[in-house]
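**Student:** what would the 3D arrangement of this be:
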Amino acid sequence: MEQYKLSVASSPHASSPVGTKNLMRDVLIALIPAMVMGVWVFGPRALTMTLVSVVFCEIFEWGYCKLMHKPNPIGDLSAAITGVLLVFVCPVTLPYWTIIIGDFFAIVIVKQLFGGLGTNFLNPALAGRAFLMLSYPVPMTTWVLPGKENWVGMLSTADAVTGSTPLSVDFMKSAENASAAVEQFSMSDMFIGNIGGCVGEVSAIALLIGGIYLIAKGVIRIRIPAAYILTVAVLTLVFSRAPEGYNVFLWMLRELFAGGLFLGAFFMATDYVTSPNTPKGEIIFGIGAGLLVVFIRYFGGYPEGVCYSILVMNICVWLIDKYTLPKRFGVTAEMRKAEKEKAKAAKKAAKEGSEA
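**Tutor:** Residues are numbered from 1 along each chain as shown. Have a look, this model is predicted:
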């Protein structure tokens, strides 16, 4: 019997050849188009930043597990995904030491201190990004424009040209800025990725290709991305702030392509751990995140709202799951009432025992 390994787990006892490592590997493959576009637009430093982030995420996860005498989870590639996604939501000009601090916060504080993979209640990469945005707002909002200057060196962006992004122009809050954004950023540039912004979110087509790959492979379900993107599309179409004479449908497309909406919809909001478990819950999650994106973009102090919309909805997942769980067959109202009374009595007995 020593040659057989007995795995004890909760029911249902269903085995599958697809494990965490397989899923994470597919996510990494899906991120390749966006990574290629990031390197093409921002130069080799985008690649070196990603490698540094992945290495330190793995080091922090290994070190914490070693210190706490926990099993080593490095082989599941989950820390590598966090490292890549954190770079994808940061500007390429960010100093290496800053991204390392973000890695530490994402892996140790957000993920491991809450029990590791499968128990964190926030998306680690987005939480790391929010922490860096709060702590280092200036480097986190210093954008590089596309250009050959970005290919000067692997370790420096001293010769890079900084500028604005479609959302940083604030084109959703005034007619003047809207007109300026239309003139400065063409629809094709926004769709392909020939604009300034974070490393992995500039190319809508690259992210769309990656998202389609994940859906086709069965890694993610389409409900959250569809509900998320459609909610933003409908709201920005109905309550359009397009400049006078500009097609409202084209304006809606501009708002979909600008910022990190596609990155958030396909790669962040669909995180297994921090998203709902029920079909109805996934739709509610996507709609809620879409509403928050538009509210933040239209009325908030930040030009982009994807990061905070997903983090807020992450906190609401337990509530969404609670009220969208399917009813059990064969359970009557009397049985539910009896279960509630039994649980109430047990809680009361436990309280009395602690007081005694």
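
**Student:** now do the buried residues in stretch 189-200.
**Tutor:** Residues of stretch 189-200 classed as buried under the neighbour-count rule (16 or more other C-beta atoms under 10 Å) are 190, 191, 192, 193, 194, 195, 196, 197, 198, 199, 200. Quick note: C-beta positions are derived from backbone N, CA and C, even for glycine.

**Student:** mind checking which of those residues land in helices?
**Tutor:** 190, 191, 192 (DSSP state H).

**Student:** wait, the first one sits on residue 254?
**Tutor:** Yes - in this structure, residue 190 sits in contact with residue 254. The criterion is C-beta atoms under 8 Å, and the distance is 6.3 Å.

**Student:** so who does residue 342 touch?
**Tutor:** Counting by C-beta atoms under 8 Å, 6 or more residues apart in numbering, residue 342 makes contact with nothing.

**Student:** please shift the residue numbers so they start at 151 in all later answers.
**Tutor:** With 151 as the first residue, the last one maps to residue 492.

**Student:** and the host helix or strand of it, how far from the chain's centre?
**Tutor:** Following DSSP states H and E, one finds residue 492 within helix 483-505. Offset of helix 483-505 from its chain centre (C-alpha atoms, centre = their mean, to the nearest Å): 40 Å.

**Student:** try stretch 199-213
**Tutor:** The mean C-alpha position of stretch 199-213 is separated from the chain mean by 18 Å, C-alpha atoms, centre = their mean.

**Student:** what residues of it count as buried?
**Tutor:** Neighbour-count burial for stretch 199-213, with 16+ other C-beta under 10 Å as criterion, is recorded at 199, 200, 202, 203, 204, 206, 207, 208, 209, 210, 211.

**Student:** quick one: which of these sit in helices?
**Tutor:** Reading helices off the buried residues of stretch 199-213 with DSSP H, I get 199, 200, 202, 203, 204, 206, 207, 208, 209, 210, 211.

**Student:** if I look at the fifth one, how far off is residue 432?
**Tutor:** Spelled out, that is residue 204. Distance from residue 204 to residue 432, counting by C-beta to C-beta, to the nearest Å: 29 Å.

**Student:** now do stretch 214-224: everything it contacts.
**Tutor:** With contacts defined as C-beta under 8 Å, 6+ apart, stretch 214-224 is touched by 208, 211, 212, 229, 257, 258, 262, 266, 267.

**Student:** from those residues, pick the one nearest residue 496.
**Tutor:** When the contacts of stretch 214-224 are compared for distance to residue 496 (C-beta to C-beta), residue 266 wins out at 30.0 Å.

**Student:** in this structure, where is pLDDT below threshold?
**Tutor:** 151-168, 297-335, 478-481, 504-506 (pLDDT under 70).

**Student:** nearest residue to the middle of it?
**Tutor:** residue 418 (2.4 Å; C-alpha atoms, centre = their mean).

**Student:** contacts only, for that residue.
**Tutor:** Each residue near residue 418 by C-beta under 8 Å, 6+ apart is listed here: 235, 273, 275, 276, 456, 460.

**Student:** if you count contacts, what does the helix or strand containing the fourth one end up packed against?
**Tutor:** In this structure, residue 276 sits in helix 274-285 according to DSSP H and E. Helix 274-285 makes packing contacts with helix 228-238, helix 246-254, helix 456-465 when contacts are defined by 3 or more C-beta pairs under 8 Å, 6 or more residues apart in numbering; DSSP states H and E.

**Student:** deepest-packed of the ones you listed, please.
**Tutor:** helix 228-238 (a mean of 27; mean count of other C-beta atoms under 10 Å).

**Student:** residues making contact with that one?
**Tutor:** 170, 174, 177-178, 181, 184-185, 188, 196, 199-200, 203-208, 210-211, 223, 249, 252-253, 256-257, 261, 267, 274-276, 278-279, 348-351, 413, 417-418.

**Student:** try 6 Å
**Tutor:** Where contact means C-beta atoms under 6 Å, 6 or more residues apart in numbering, the residues beyond helix 228-238 that reach it are 174, 177, 181, 199-200, 203-204, 207-208, 211, 252, 256, 267, 274-275, 278, 349-350.

**Student:** again, but for stretch 367-387
**Tutor:** Here stretch 367-387 makes contact (C-beta under 6 Å, 6+ apart) with 173, 176, 364-365, 402, 405, 415-416, 419-420, 432-433, 435-437, 439-440, 443-444.

**Student:** all good on my end, thank you.
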